[in-house]
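J.: Everything below, folded, please.
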Amino acid sequence: MKASLLVVLVIALCTESAFSLTCFSCKDATSNIQCLSTTTCADHEKYCLTTYSTKGFGDDRQQSITKRCAAFCPTIDLNIGIAGVATNCCQTSLCNISGASSVKTSYTMIAVGVLASLACILRLGL
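T.: Numbering: from 1, shown residues only. Presented below is the predicted three-dimensional model:
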């Protein structure tokens, strides 16, 4: 009896697949509620990665959420006014249930771009 328990314990400790990371996964979802499917990560994938992107502004704003397993964690937080991308990584199973830090449309960046364009047009027109 003790020998069979020892064999079961050794098998359980040596089986890495029993301890694989599990992440929520989706591709180009428009809402976080569409990202409730799960996937078991490969042995080399140590992160659950969430990528959140936006484009447009106001009523024309569109968002996209992608969740997956990843071998490395890219740190991206980019906002260029009418488009942006942000990532979030974590290292425990099912830790990516929420979206990455959302990307807000920067109306200040849009205003600066419009003013810079207007200044160039006025300068070239003179």
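
J.: tell me which element the closest residue to A42 other than its chain neighbours falls in.
T.: Distance criterion C-beta to C-beta, 6 or more residues apart in numbering; nearest residue to A42, sequence neighbours excluded, is C69 at 6.8 Å. The C-beta positions use only the backbone N, C-alpha and C, and glycine is treated the same way. Per DSSP states H and E: C69 is located in strand 62-70.

J.: Give the partner strands of that strand in its sheet and their orientations.
T.: Neighbouring strands of strand 62-70 in its sheet, by DSSP bridges, are strand 22-29 (antiparallel), strand 47-55 (antiparallel).

J.: all strands of this structure, in order?
T.: Counting by DSSP state E, the chain has these strands, from start to end: 22-29, 37-40, 47-55, 62-70, 77-79, 83-90.

J.: Can you mark which positions in the first one are buried?
T.: Spelled out, it's strand 22-29. Residues 23-26, 29 are the ones in strand 22-29 that count as buried (16 or more other C-beta atoms under 10 Å).

J.: by how many degrees do that strand and strand 83-90 diverge?
T.: Angle, strand 22-29 to strand 83-90, by axes from the mean of the first three to the mean of the last three C-alpha atoms, to 10 degrees: 170 degrees.

J.: Could you give the average pLDDT over strand 22-29?
T.: The average pLDDT within strand 22-29 is 96.

J.: then that strand to CSV, C-alphas only?
T.: Provided in CSV are the C-alpha atoms of strand 22-29 (Å, rounded to 0.1, in the frame of the first residue of the first chain):
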residue,chain,number,x,y,z
THR,A,22,-4.3,28.1,-18.0
CYS,A,23,-5.3,31.4,-19.5
PHE,A,24,-8.5,33.0,-20.9
SER,A,25,-8.3,33.3,-24.7
CYS,A,26,-10.0,35.2,-27.5
LYS,A,27,-9.0,37.0,-30.6
ASP,A,28,-10.2,40.5,-31.6
ALA,A,29,-13.2,40.4,-29.3
